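>>> got a predicted structure here, sequence first:
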Amino acid sequence: MRPSIDQQVTFLYTADLQQTAVFYETILELPLVLDQGACRIYATGSGAFLGFCQHLSAGTAPPAGVILTLVSQDVDGWYAFLQEKGVLFEKAPAYNEKFNIYHCFLRDPNGYLLEIQRFLDPGWPGLRRGHDI
């Protein structure tokens, strides 16, 4: 039997931890759960965390292919909330027929692409009660 996975943290590099902290703490209003000095870890949901670590070799161009997806049932609410804070979106909320999702896109100060998404497929574990991975 496989041991359980109790939590999940995704760590990303940043060249400017202070600017990143302002965005994630003030704009997105994610709770800071641990400040390790060179790394800051934020709660995104039950057992899920996003960490940013100061790294001098972090370049100015965002890494290709990286998308941070925050799943929410209220994509339009997030869109309005962040627009009030002056956030510019690369794509306004829209239905994506290919993947059966409703989503929008923006960038953080590091250039990482953020997607706020609602899964519309009833097969997604987050839409089924009592699902345990």
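Here it is on my side, so go on.
>>> quick one, helices of the protein?
Per DSSP state H, the chain carries helices over the ranges 17-22, 75-84.
>>> mean pLDDT for those helices - can I get that in JSON lines?
Converted to JSON lines, the helices of the chain look like this (pLDDT from 0 to 100):
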{"stretch": "helix 17-22", "mean pLDDT": "96"}
{"stretch": "helix 75-84", "mean pLDDT": "96"}
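>>> can I get those in CSV with distance to Ile41?
Just so you know, the C-beta spots here come from the backbone N, C-alpha and C atoms, and that holds for glycine as well. Output for these, formatted as CSV (distance: least, Cβ to Cβ, whole Å):
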stretch, distance to Ile41
helix 17-22, 11
helix 75-84, 21
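>>> Gln117: neighbouring residues, count only.
With neighbours defined by other Cβ atoms under 10 Å, the count for Gln117 comes to 21.
>>> also the one 4 residues further on?
A count of neighbours around Asp121, defined by other Cβ under 10 Å, yields 9.
>>> for the residue lying closest to it once chain neighbours are set aside, which residues are in contact?
Of all residues beyond its chain neighbours, the one nearest Asp121 is Asn100 (4.8 Å), with distances taken as Cβ to Cβ, 6 or more residues apart in numbering. If you count contacts by Cβ atoms under 8 Å, 6 or more residues apart in numbering, Asn100 has them with Phe119, Leu120, Asp121.
>>> quick check: pLDDT value at the last one.
According to the per-residue confidence, Asp121 scores 81 in pLDDT.
>>> circling back: among the contacts of Asn100, which are in strands?
Counting by DSSP state E, the part of the contacts of Asn100 found in strands is Phe119.
>>> of the contacts of Asn100, closest to Asp16?
Phe119 (32.4 Å; Cβ to Cβ).
>>> pretty sure that closest one contacts Ile101?
Yes - the pair Phe119 and Ile101 qualifies as a contact (Cβ atoms under 8 Å) at a distance of 5.7 Å.
>>> which residues do these two both contact?
What both Phe119 and Ile101 touch, as defined by Cβ under 8 Å, 6+ apart, is an empty set.
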